[in-house]
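Enquirer: Fold the following, please.
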Amino acid sequence: MKLLVNFSRGKGNAPIIAQAVKDTGVLINVERAMIDSSEGEALIEVPDDKCQLIRKTMTGLGATVRLLEHGITLDTSECVDCGACISICPREVFSFDHEWKLAIAEERCVLCGKCVDACPHKALSLPL
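Expert: Below you'll find the predicted structure:
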């Protein structure tokens, strides 16, 4: 299961992800992270059965944690199956199926947004 973790560094430089791993024993896969001197955001993946434990632990450490049930969303009424998203995606989320229609492996998405910017018909969107 994927979780989007946001935290402020105003409360110190505590290693929230490392502390959650230490406290729970649950291994966390960091798929994407953007951290600067004042705040951070990380997209993490955890086992489905440990999702609530990690969410509760990180919330207790001062983070805001949101469960992501979906990755990238495709509006099929706007998509013309041009494939612009295929070449730009760093995680090979997009491909063509046997009928040359766009196929999505949503579980691979790390919400980088490169495909959204590349889509000429604005058929792709990130979860809010």
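Enquirer: can I see the domain layout of this structure?
Expert: If you go by automatic domain parsing, the domain ranges for the chain are 2-68, 73-125.
Enquirer: how close does the residue of the chain most remote from its centre get to Leu53?
Expert: Distance from the C-alpha centroid of the chain peaks at Glu99, with 28.5 Å (C-alpha atoms, centre = their mean). Separation of Glu99 from Leu53 (C-beta to C-beta, to the nearest Å): 42 Å. No exception for glycine: its C-beta is placed from N, CA and C like everyone else's.
Enquirer: Over to Pro15?
Expert: For Pro15, the distance to Leu53 - C-beta to C-beta - is 18 Å.
Enquirer: who has more neighbours, the two?
Expert: Leu53 (16 against 11; other C-beta atoms under 10 Å).
Enquirer: quick one: pLDDT of the closest residue to that one other than its chain neighbours?
Expert: Among residues not flanking Leu53 along the chain, Thr24 sits closest, at 5.6 Å (C-beta to C-beta, 6 or more residues apart in numbering). The model reports Thr24 with a pLDDT of 96.
Enquirer: Dihedrals phi and psi, Thr24?
Expert: Phi and psi for Thr24, reported as degrees, to the nearest 10, are phi -110, psi -20.
Enquirer: quick one: the strands in this protein?
Expert: Using DSSP state E, the strands of the chain run over residues 2-8, 29-35, 39-45, 64-68, 73-74, 94-96, 102-104, 124-125.
Enquirer: Mean neighbour count added to these, as JSON lines?
Expert: Listed next are the strands of the chain as JSON lines, based on neighbours: other C-beta atoms under 10 Å:
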{"stretch": "strand 2-8", "mean neighbour count": "18"}
{"stretch": "strand 29-35", "mean neighbour count": "12"}
{"stretch": "strand 39-45", "mean neighbour count": "18"}
{"stretch": "strand 64-68", "mean neighbour count": "15"}
{"stretch": "strand 73-74", "mean neighbour count": "16"}
{"stretch": "strand 94-96", "mean neighbour count": "16"}
{"stretch": "strand 102-104", "mean neighbour count": "18"}
{"stretch": "strand 124-125", "mean neighbour count": "20"}
